[in-house]
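> Sequence and computational prediction follow.
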Amino acid sequence: MPDSTPDPLTRRTFLAAGVAAATAASGANPAAAAGPADGPLRGKVAVVTGAARGIGRAVAVAFAQAGADIVGIDICAEVDQRSGVEPARPEDLEETGRLVQADGRRWLGITVDQRDMPKLREAAARAQRDLGGIDILFANAGIQSFKPLLEMDDADWHTQIDNNLTGTANAIRAFGPSLVKRGGGGGGRIIVTTSTQGQHGTLNGSAYSASKWGIIGLMKSAALELAPYGITVNALVPGLIDTPLTRHEERYAQVLQAAGRRPTGTPADEEEARKVLITGTPLRVPWIKPEDVAPVVVFLASDGARMVSGATFDVTGGVGANNAA
Ligand SMILES: NC(=O)c1ccc[n+]([C@@H]2O[C@H](COP(=O)([O-])OP(=O)(O)OC[C@H]3O[C@@H](n4cnc5c(N)ncnc54)[C@H](O)[C@@H]3O)[C@@H](O)[C@H]2O)c1
């Protein structure tokens, strides 16, 4: 049995990663604070899905600052034209690659739809060949849109379930075998992205909620199945994060509808949504920065988290304090 007490070195390097992420958020040169040479993920290869922007980009950069080489996966195209969310573009993925390389790490960007299992397996084979193996998977890509359940057509339902739930399972099925192969004595890490909306019902968001609730069941099942290989599987639970997924009119309207301030289907603007969000968030922030999410994922990917598996980790500005245990 491995010792479950993190050693001082691990604690020190994790703290260094936290400093690096905080420094990056402030715009200073993170390499000066804690370079990859002494980061907690040095020598590791990490796959990040949804890497073109948002949470995926912030985590890819934080992983690189912690010393990992990065395989960035993204569709870089429209997934759901009904969502009101601007699609990511190929230039967005290239920019993530530029940031990773600026931290001195290797980068392999692959444009692929995570619903396409054969293409995802090809991506895994390429990562294995070009970077020599995979240690960490952050299965994060996802979409969100809102529609009352009784008004949905088949595509409204399937697009979110296929993309979020099946896509996340596909990522584990495609990249998991490389983690098993590399693991040997253990050390593989999988972190999936769910949502607070995967822990409670969501007004006009049943397909999203169901997909994210399903991801928690997927994570816990994978944690049981992969434990014999020393691979841990955990879930990140973001609150409302400042990314293109949340910064558009439909999302502002949903915030106000859920707070009982607007009937379904009426428009809303950012300022009104901001006031409601600040009031409803214990730490009094409207939208959390992706850079405030990333250090938690770095920790879950590190040796210090080797006895953590099957668990959910909230970064919600305190909103999670309202949930049952
Ligand atoms: N932003 C939030 O408030 C929030 C809250 C809870 C959970 N989440 C989850 O966090 C994850 C990241 O969201 P974000 O806020 O960074 O959004 P985002 O839209 O900025 O980034 C998501 C990325 O995933 C990519 N993607 C979507 N479908 C894909 C597919 N089929 N194949 C490959 N790539 C695909 C997109 O192109 C995009 O670049 C999502 O799973 C989302 O559901 C976000």
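Looks like it came in fine.
> hey, where'd the helices end up in the stretch 201-325 of the chain?
Applying DSSP state H, counting those that start in this stretch to the stretch 201-325 of the chain gives helices spanning 206-226, 249-258, 270-280, 290-301.
> Out of those, which is the most enclosed?
Highest mean neighbour count of these: helix 290-301, a mean of 24 (counted as mean count of other CB atoms under 10 Å). All C-beta spots, glycine's among them, are computed from the backbone N, C-alpha and C.
> What mean pLDDT does that one get?
Helix 290-301 shows a mean pLDDT of 98.
> Can you give the domain ranges for the chain?
By the assignment in automatic domain parsing, the chain contains the domains 40-242+287-317, 248-284.
> tell me which parts of the stretch 101-250 of the chain are close to the ligand?
Counting by CB under 6 Å from any ligand atom, the residues of the stretch 101-250 of the chain close to the ligand are 113-115, 140-144, 163, 167, 193, 195, 238, 240-241, 243-246.
> bridging residues for Leu108?
Beta-bridge partners recorded for Leu108 (DSSP bridges): Val71.
> one step back: emit the ChimeraX select command for whichever of the residues of the stretch 101-250 of the chain next to the ligand are buried.
Typed into ChimeraX, the next command selects the buried ones out of these (criterion: 16 or more other CB atoms under 10 Å):
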select :113,114,115,140,141,142,143,144,163,167,193,195,238,240,241,243,245,246
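> got the contact list for the spatially most central residue of the chain?
What sits nearest the mean C-alpha location of the chain, by CA atoms, centre = their mean, is Asn140, with 3.6 Å. Counting by CB atoms under 8 Å, 6 or more residues apart in numbering, Asn140 makes contact with 48-51, 55-56, 59, 191-193, 236.
> Out of the residues you listed, which sit inside strands?
Judged by DSSP state E, strands contain the following of these: 48-49, 191-193, 236.
> By neighbour count, which of the residues you listed wins?
Ranked by neighbour count (other CB atoms under 10 Å), these have Val48 at the top, with 32 neighbours.
> What is the neighbour count of the closest residue to Ser309 other than its chain neighbours?
Sequence neighbours aside, Thr232 is the residue nearest to Ser309 in space, at 3.9 Å (criterion: CB to CB, 6 or more residues apart in numbering). Using other CB under 10 Å, Thr232 has 24 neighbouring residues.
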